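Visitor: need a 3D model of the sequence below.
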Amino acid sequence: MTWLDDIAAARHELDRSSTAARVADLLRDRITDGALVPGARLPEEDLCRAAKVSRNTMREAFRLLVQERLLVHEFNRGVFVRRVGADGLSDLYRVRRILESEGVRCAHAAGPDALDRVRAAVEDGEAAAADGRWPDVGTADIRFHQALAALVGSPRVDEMIRHLMAEMRLVFHEMGSPREFHEPYLARNRRMYDLLAAGDHEAAERELRSYLDDAEAQLMRAYLEKERPDVTVRSS
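Guide: Residues are numbered from 1 along each chain as shown. Have a look, this model is predicted:
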C-alpha cells in the first residue's frame, strides 16, 4: 500500500468542520512514519482524488504544513516535502531539550498510563529491530520521544512535540542506513525507561541530555559529510 492509498483509506475520518486540518494530519503522519521523504513532490490532483476533497481544501492543508516547516512551495513546480538544513537541526534539538527534559522532570507526577506509553514505544522499537524492520525502529523512536514529552501532561506540549518529531523524521533521512543510526539508541531508550520506572528521574534526565547531545553531533557530522564530500569529518 502506498502513502496515497493510506490517504484514501482514511478519508472517512474527514469531517466538514476541520477537513483541511485533518488532511494535514494525514500527510504529517505519512511524513512521521517515513513514507514521505525529503524532496518528494505532492501531486495535488492525485491527493484531492484520494482524499475526495477540493483543491482549495488541499491547498489549505498544504499551507498548514508549510507553516510547520514540513513542506515547501516552489513557484511553477509544486509542493514538496522539505529538507531540514543543518541550522534547522540545531534548533530542533534546542527545543527538544526543553520539552523532553521537562517531561522527564514531571515523570514523578505522571499517571501510569503515561509511563506505559514510554515502555510501549521501547518495546515496539525492540520488536521491530528483532524483525529487521529498521524504518519502523525509527518510527518507534519518534513515539518514544513523544511519550517522554507527554509526561508533562500538557496538550500544547503534545502538539509541539508531534510537529517537531515530524521534522525529525525528515532529518533521519539524512542518515544513509536506518540500522546504523538507530540501533545504538535502542539500549539507551530501554535504559531511560528503566530509570524512569525506578523513579530515578535525575539520572534519567542526565541520560536524556547525553543522548540528545550524541544524536545531534552524529546527525551534524552526516550533514557536513554530505555538504563537503571532499572532507572527512572525524568524530571527537
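
Visitor: count of neighbours near residue 98?
Guide: 13 (other Cβ atoms under 10 Å). All C-beta atoms are positioned from the backbone trio N, CA, C, and that covers glycine.

Visitor: following element in sequence after the host helix or strand of residue 123, please.
Guide: Taking DSSP states H and E as the definition, residue 123 sits inside helix 112-130. As assigned by DSSP H and E, the chain's next helix or strand after helix 112-130 is helix 134-150.

Visitor: next one: the helix holding residue 123 to chain centre, how far?
Guide: Chain-centre distance of helix 112-130: 16 Å, with Cα atoms, centre = their mean, to the nearest Å.

Visitor: would you mark the buried spots in it?
Guide: For helix 112-130, burial by neighbour count (16 or more other Cβ atoms under 10 Å) applies to 114-115, 117-119, 121-122, 124-126, 128-129.

Visitor: now that helix: mean pLDDT?
Guide: Helix 112-130 carries an average pLDDT of 96.

Visitor: contact partners for the nearest residue to residue 36 once chain neighbours are set aside?
Guide: Computed as Cβ to Cβ, 6 or more residues apart in numbering, the closest residue to residue 36 that is not its neighbour in sequence is residue 30, at 4.7 Å. With contact set as Cβ atoms under 8 Å, 6 or more residues apart in numbering, residue 30 has these partners: 3, 6-7, 36.

Visitor: helices of the chain, residue ranges please.
Guide: Here the chain has its helices, by DSSP state H, at 3-9, 19-32, 44-51, 55-67, 86-105, 112-130, 134-150, 155-172, 178-197, 201-227.

Visitor: show me what the first one is in contact with.
Guide: Helix 3-9 is contacted by residues 1, 23, 26-27, 29-30, 35-36, 46-47, 50-51 when judged by Cβ under 8 Å, 6+ apart.

Visitor: same question, the third one
Guide: Under the criterion Cβ under 8 Å, 6+ apart, residues 4-5, 7-8, 11, 14, 23, 26, 54-55, 57-59, 62, 78-79 lie in contact with helix 44-51.

Visitor: pull out the buried residues from the lowest-mean-pLDDT helix or strand in the chain.
Guide: One helix or strand of the chain scores below all others by mean pLDDT, DSSP states H and E: helix 3-9, with a mean of 77. Neighbour-count burial for helix 3-9, counted by 16+ other Cβ under 10 Å, picks out 3-4, 6-8.

Visitor: number of nearby residues for residue 184?
Guide: By the criterion of other Cβ under 10 Å, residue 184 has 12 neighbours.

Visitor: and the gap between it and residue 218?
Guide: Distance of residue 184 to residue 218, given as Cβ to Cβ, to the nearest Å: 9 Å.

Visitor: now swap in residue 226 and tell me
Guide: In terms of Cβ to Cβ, residue 226 sits 13 Å off from residue 218.

Visitor: these two: which has the busier surroundings?
Guide: residue 218 (15 against 11).

Visitor: what's the burial count for the spatially closest residue to the more buried one that is not a sequence neighbour?
Guide: Leaving aside its chain neighbours, residue 218 sits nearest to residue 181 (7.3 Å; criterion: Cβ to Cβ, 6+ apart). Neighbourhood size, residue 181 [other Cβ under 10 Å]: 20.

Visitor: what sits against residue 181?
Guide: 138, 172, 175, 218.
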